[in-house]
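Q: Turn this into a structure:
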Amino acid sequence: MTRIATLPSAVAAWLLAGVALALSAGPAQAQELLTGTLAKVRESGTIAIGHREASVPFSYLNARKEPIGYSIELCRALVTAIEDTVNKSLTIKWVPVTSDSRIDAVVSGQVDLECGSTTSNLERQKRVAFSPTMFVSGTKVLVKKGAPIQSFRDLAGKKVAVTAGTTNEKTLRDLSQKFKLNIELKVARDHAESFALVKEGQADAFATDDVLLYGLIARDAAKAQYEVVGDFLSYDPYAVMYRKGDPQLNKVVVDTFQVLAEDGEIHRQYKRWFMRKLPSGESLNLPMSAQLETIIQTMAVKAE
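A: Numbering: from 1, shown residues only. Just a heads-up that it's a prediction; the model follows:
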């Protein structure tokens, strides 16, 4: 079983309360009351977590090819809460997903929680459910330093890399059509491949969420050769994704995020992954935005 090494006192207290509630009903009765994903993981003893391989610092692989990151740690907290709700230890099954495959993986039941850098929007909410917002980003453009590109209008007639299945791909298609920019999109499988297109000269720019661009640059040996330019082209609130129409799981997710926000654990994880050195040695040095601060403060308030 994979757990967070230590839990904040408020989180621990909340989880113990959940265990007490389950035990008060009796193991058999508590199990019978479970539905949806909670019933599934209770029966199997396993929970499947979808993760990304190159979404630094949210969800990516370390030198030992293990999933690590900000989203992964928040999902570990969710797993702990789910374990106490179903009164059973769970083994995490790690399932790699891409921007293109992640939604189908959740809908089909291949993964129970998708823990990456996924934008929650109205279109996606028709198919899947999302946790409260854990990060706020937006589309920007990565280019080689010295490139004649400073805004989206400079992308006219250029080759721009995007990652398949992302909101950024749609943003660039819409911009190109609206402003008649005639952008040639080069669609790659994942963010690492998109970045490689720019490095190899097959694309003039790479458009995706700004924080992911900073993460890719920070880990690259030739980081001084690249920069992120332009204004935000979209608004992208990140969240954990899970199956729609599962009220029991939804309550666990929402309640856990409220406790993590109230206790300060979300802030602690943010500092760990965005302000301090990452396991590979680099640091993004990206302070929390005022927008995200407000979201977390609101999240910390218990619903009446």
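Q: So what touches stretch 143-156?
A: 141, 158, 172, 175-176, 179, 181-183, 198, 204-206, 224-227, 229-231, 233 (Cβ atoms under 8 Å, 6 or more residues apart in numbering). Heads up, the C-betas are built off the backbone N, CA and C, glycines and all.
Q: Kindly check the end-to-end length of that stretch for me.
A: 14 Å (Cα to Cα, to the nearest Å).
Q: are any of the contacts of stretch 143-156 buried, and which?
A: 141, 158, 172, 175-176, 181, 183, 198, 204-206, 226-227, 229-230, 233 (16 or more other Cβ atoms under 10 Å).
Q: contacting residues for the closest residue in space to residue 102 that isn't next to it in sequence?
A: Nearest in space to residue 102, with sequence neighbours left out and distances taken as Cβ to Cβ, 6 or more residues apart in numbering, is residue 114 at 5.2 Å. Going by Cβ under 8 Å, 6+ apart, residue 114 touches 49, 50, 97, 102, 105, 106, 240, 241, 242.
Q: at 6 Å instead, please
A: 50, 102, 106, 241 (Cβ atoms under 6 Å, 6 or more residues apart in numbering).
Q: Residue 274 now?
A: Counting by Cβ under 6 Å, 6+ apart, residue 274 has contacts 284, 286.
Q: gap between it and residue 202?
A: 30 Å (Cβ to Cβ, to the nearest Å).
Q: got the contact list for residue 228?
A: 140, 142, 210, 213.
Q: Could you measure from residue 125 over to residue 103?
A: 11 Å.
Q: With neighbour numbers in mind, choose between those two.
A: Ranked by neighbour count (other Cβ atoms under 10 Å), residue 125 and residue 103 place residue 103 first, with 18 against 13.
Q: Just say helix, strand or coil for that one.
A: helix (DSSP: H, G, I helix; E, B strand; the rest coil).
Q: which residues pair with residue 227 across the strands?
A: Applying DSSP bridges to residue 227 gives these bridge partners: residue 143.
Q: What pLDDT is listed against it?
A: At residue 227, the predicted lDDT confidence score is 95.
Q: Use 43 as the first number for this chain going forward.
A: Renumbered: residue one is now 43, and that last one reads residue 269.
Q: From residue 228, how far out is it?
A: On the measure of Cβ to Cβ, residue 269 and residue 228 end up 19 Å apart.
Q: Give the residue spans of the stretch 243-346 of the chain that score low on pLDDT.
A: 346 (pLDDT under 70).
Q: Do you have the helices of the stretch 143-292 of the chain handy? List them.
A: For the stretch 143-292 of the chain, helices defined by DSSP state H, counting those that start in this stretch occupy the ranges 144-150, 209-220, 233-241, 252-261, 289-305.
Q: tell me the most buried of those?
A: Compared across the helices of the stretch 143-292 of the chain, helix 252-261 shows the largest average neighbour count, a mean of 23 (mean count of other Cβ atoms under 10 Å).
Q: before we move on, the earlier item: can you tell me which of the contacts of residue 156 is closest to residue 131?
A: residue 92 (20.7 Å; Cβ to Cβ).
Q: doesn't residue 147 make contact with the closest one?
A: Yes - with contact defined as Cβ atoms under 6 Å, residue 92 counts as touching residue 147 (5.3 Å).
Q: and for those two, which residues touch both?
A: 139, 153.
Q: Check the contact between residue 170 and residue 150; I expect there is one.
A: No - at 11.0 Å, residue 170 does not count as touching residue 150 under the criterion of Cβ under 6 Å.
Q: Could the C-alpha coordinates of stretch 139-158 be exported in CSV?
A: In CSV, the C-alpha atoms belonging to stretch 139-158 read as follows (Å, rounded to 0.1, in the frame of the first residue of the first chain):
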residue,chain,number,x,y,z
VAL,A,139,-2.0,8.3,-19.7
THR,A,140,-1.5,11.0,-22.4
SER,A,141,-3.4,14.2,-23.0
ASP,A,142,-5.3,12.3,-25.8
SER,A,143,-6.1,9.1,-23.8
ARG,A,144,-6.8,10.4,-20.3
ILE,A,145,-10.5,11.2,-20.5
ASP,A,146,-11.4,7.9,-22.2
ALA,A,147,-9.3,6.1,-19.5
VAL,A,148,-11.5,7.6,-16.8
VAL,A,149,-14.8,7.1,-18.6
SER,A,150,-13.9,3.4,-19.4
GLY,A,151,-12.9,2.6,-15.8
GLN,A,152,-9.2,2.0,-16.8
VAL,A,153,-8.3,4.6,-14.1
ASP,A,154,-10.2,5.7,-11.0
LEU,A,155,-8.4,9.0,-10.5
GLU,A,156,-6.5,11.0,-13.2
CYS,A,157,-3.7,12.9,-11.5
GLY,A,158,-1.9,15.1,-14.0
